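Participant: no sequence for this one, just the structure:
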RNA sequence: GCCCCCAUCGUCUAGAGGCCUAGGACGCCACCCUUUCAAGGUGGAGAUCACCGGUUCGAAUCCGGUUGGGGGCACCA
């Protein structure tokens, strides 16, 4: 691999989310790669909140981003540790909304040195120029009108009280850089227009503030999504104009929708919170995200965050985009769930199960559902029969549901009655899964029934469903009294159905 | 339209000139196990390595072109 370390500078990377929406899958993965890179190299990891777009930025989103980053297990050395909280680190403040004087100072410096100039063009004028360029099949870029203004024209605009934006004067030069992931990349900046760095209302723009902050925070490696690859020449032009050191850049592939377009809210579920709420484990999420565009080069696929940090090499990151494969995430989540101890799983399951189920019951439920869970939020449906009332369960009965193939309602009623008698003969202390199973198997055998056929109506009677956790474990958890009551109700339903068809 | 990036099974990927009649995983299909559903086990289908030309004794791997896909071209980030 190529040398990734600029000379004489300790490695510092950053993630710079914009609190204009909840933490996005793509941002999470970029944050993860930055984190892994920093950890692997022993560098410093900085979180900077890019909230210059005051109209769209909110504290709620900042909270969502920070909370979910923490949830994933990603930690940073500098930056706000808590949403709305105080900064940690010597290069603060770490919220761009609090760094406005710096940007103003640097913008003035560019103005003074002639690298930037005021632009009075109105949105309408710019739009007209753009349309004309499109009609002439030219590249849509600023025509440099305000660069050629006479002093009189300038004075006139100022008299009119029009507020100017500030544009960078982009030199027509070839920009070349050695991307950590893509290698040599070359752009022709003569194709770029003079872009705006500070809006007319005085608010500095993204391309400008990233560059200023990366320098101010001594960032050595800028690892970000491929969508920024084409923006890099702008950033380099800015750095040169400001006399900054150029960091190394690494552009990671995009995460794609199934149709291979850039992953979007429209086509996919993109908010990390949504996955969290459905009961995806952060460990599974991290493992999954890490492999979207990177692999250790072996056939191992289960990695903890620490193991990932140990193995991660930025040069091994792929160049091509990766489709977000929900099936694979589900599979991985299941693996992580099954790898948890019962106690650990009970703890994680707690928030997903209703309070009527006490902690001890949650722990007892775990062995019954562990192998059946894809997401934690799937748990309630699996064991709802435990807290549903007998009446609620009975409402789910349907004679059809209770009937195995080729058995009449009368026959089934008889079988269920037999089970009720067998189980009713047991006292509370003997009402355990192995005993229940033994009794029922014998009864089935005795009546000449296949065990499976005999169990089906019992399952429906007890859980209200044809699909359930193991029958006898479920019965044990439900308890003698309620099991017998439900069997009784089912017998009634079957008898009525039998009478109708007879 | 212009610029840039990318290209191995449906998907995530292994592969850095001969070990590849291309490996693994997910998904899919069988079968086994089995009280349902899962989990687990075994096996299978699935990629002429986008295409065309080179270079080479030899190319998925190197070079060029073509095609296809994606991204960027804002007083959003």
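Facilitator: Happy to help now that I have it. From a predicted model like this one, the values you see are computed outputs, not experimental measurements.
Participant: flag every residue of the stretch 401-502 of chain A that's near RNA strand B.
Facilitator: Within reach of RNA strand B by C-beta under 7 Å from any atom of the strand, the stretch 401-502 of chain A has these residues: A:437, A:451-452, A:455-456, A:459, A:466-473. Just so you know, the C-beta spots here come from the backbone N, C-alpha and C atoms, and that holds for glycine as well.
Participant: please redo it, this time with the cut-off set to 6 Å
Facilitator: Residues of the stretch 401-502 of chain A found near RNA strand B (C-beta under 6 Å from any atom of the strand) are A:437, A:451-452, A:455, A:466-472.
Participant: next, format those residues as CSV and append secondary structure.
Facilitator: Formatted as CSV, those follow (DSSP: H, G, I helix; E, B strand; the rest coil):
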residue, secondary structure
A:437, helix
A:451, helix
A:452, helix
A:455, helix
A:466, coil
A:467, coil
A:468, coil
A:469, coil
A:470, coil
A:471, helix
A:472, helix
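Participant: any of these buried? List them.
Facilitator: A:437, A:455, A:468-472 (16 or more other C-beta atoms under 10 Å).
Participant: for residue A:87, state which of those is nearest.
Facilitator: The closest of those to residue A:87 turns out to be residue A:469 (C-beta to C-beta; 49.0 Å).
Participant: what about the residue nearest to that closest one when sequence neighbours are not counted, how many residues nearby?
Facilitator: Leaving out its chain neighbours, the residue that sits closest to residue A:469 by C-beta to C-beta, 6 or more residues apart in numbering is residue A:368, at 3.9 Å. Residue A:368: 19 surrounding residues under other C-beta atoms under 10 Å.
Participant: residue A:368 against residue A:477, yeah?
Facilitator: Yes. Counting by C-beta atoms under 8 Å, residue A:477 is a contact partner of residue A:368 at 7.2 Å.
Participant: which residues are in contact with each of the two?
Facilitator: residue A:383 (C-beta atoms under 8 Å, 6 or more residues apart in numbering).
Participant: isn't residue A:120 right up against residue A:146?
Facilitator: Yes. Look at residue A:120 against residue A:146 with C-beta under 8 Å: they come within range, at 5.8 Å.
Participant: shared neighbours of these two, which are they?
Facilitator: Common neighbours of residue A:120 and residue A:146 (C-beta under 8 Å, 6+ apart) are residue A:164.
Participant: residues of the stretch 101-250 of chain A that sit close to RNA strand B?
Facilitator: Going by C-beta under 6 Å from any atom of the strand, the residues of the stretch 101-250 of chain A near RNA strand B are A:119, A:121-122, A:126, A:137, A:139-141, A:165, A:182, A:185, A:187, A:191, A:196, A:199-200, A:205-206, A:226-227, A:229-231.
Participant: any low-confidence regions in chain A?
Facilitator: For chain A, applying pLDDT under 70 flags the ranges A:1-7, A:501-502.
Participant: hang on, residue A:453 in a helix?
Facilitator: Yes. The assignment for residue A:453 by three-state DSSP puts it in a helix.
Participant: that one contacts residue A:402, correct?
Facilitator: No. With contact defined as C-beta under 8 Å, residue A:453 does not reach residue A:402; the gap is 11.4 Å.
Participant: more neighbours, those two?
Facilitator: Between residue A:453 and residue A:402, residue A:402 has the larger neighbour count (other C-beta under 10 Å), namely 24 against 17.
Participant: tally of neighbours for residue A:168?
Facilitator: Number of residues near residue A:168 (other C-beta under 10 Å) recorded here: 25.
Participant: over to residue A:335?
Facilitator: A total of 15 residues lie near residue A:335 under the criterion other C-beta under 10 Å.
Participant: farthest pair in the buried ones among the residues of the stretch 401-502 of chain A next to RNA strand B?
Facilitator: A:437 and A:468 (14.4 Å).
Participant: the residue nearest to residue A:469: which element?
Facilitator: Residue A:368 is part of helix A:359-369, with elements assigned from DSSP states H and E.
Participant: buried stuff in that helix?
Facilitator: So for helix A:359-369, counting by 16+ other C-beta under 10 Å, buried means A:361-366, A:368-369.
Participant: make TSV out of these and add distance to RNA strand B.
Facilitator: Converted to TSV, those look like this (distance: C-beta to the nearest atom of the strand, whole Å):
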residue	distance to RNA strand B
A:361	19
A:362	18
A:363	19
A:364	15
A:365	14
A:366	13
A:368	8
A:369	8
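Participant: thank you kindly, that will do.
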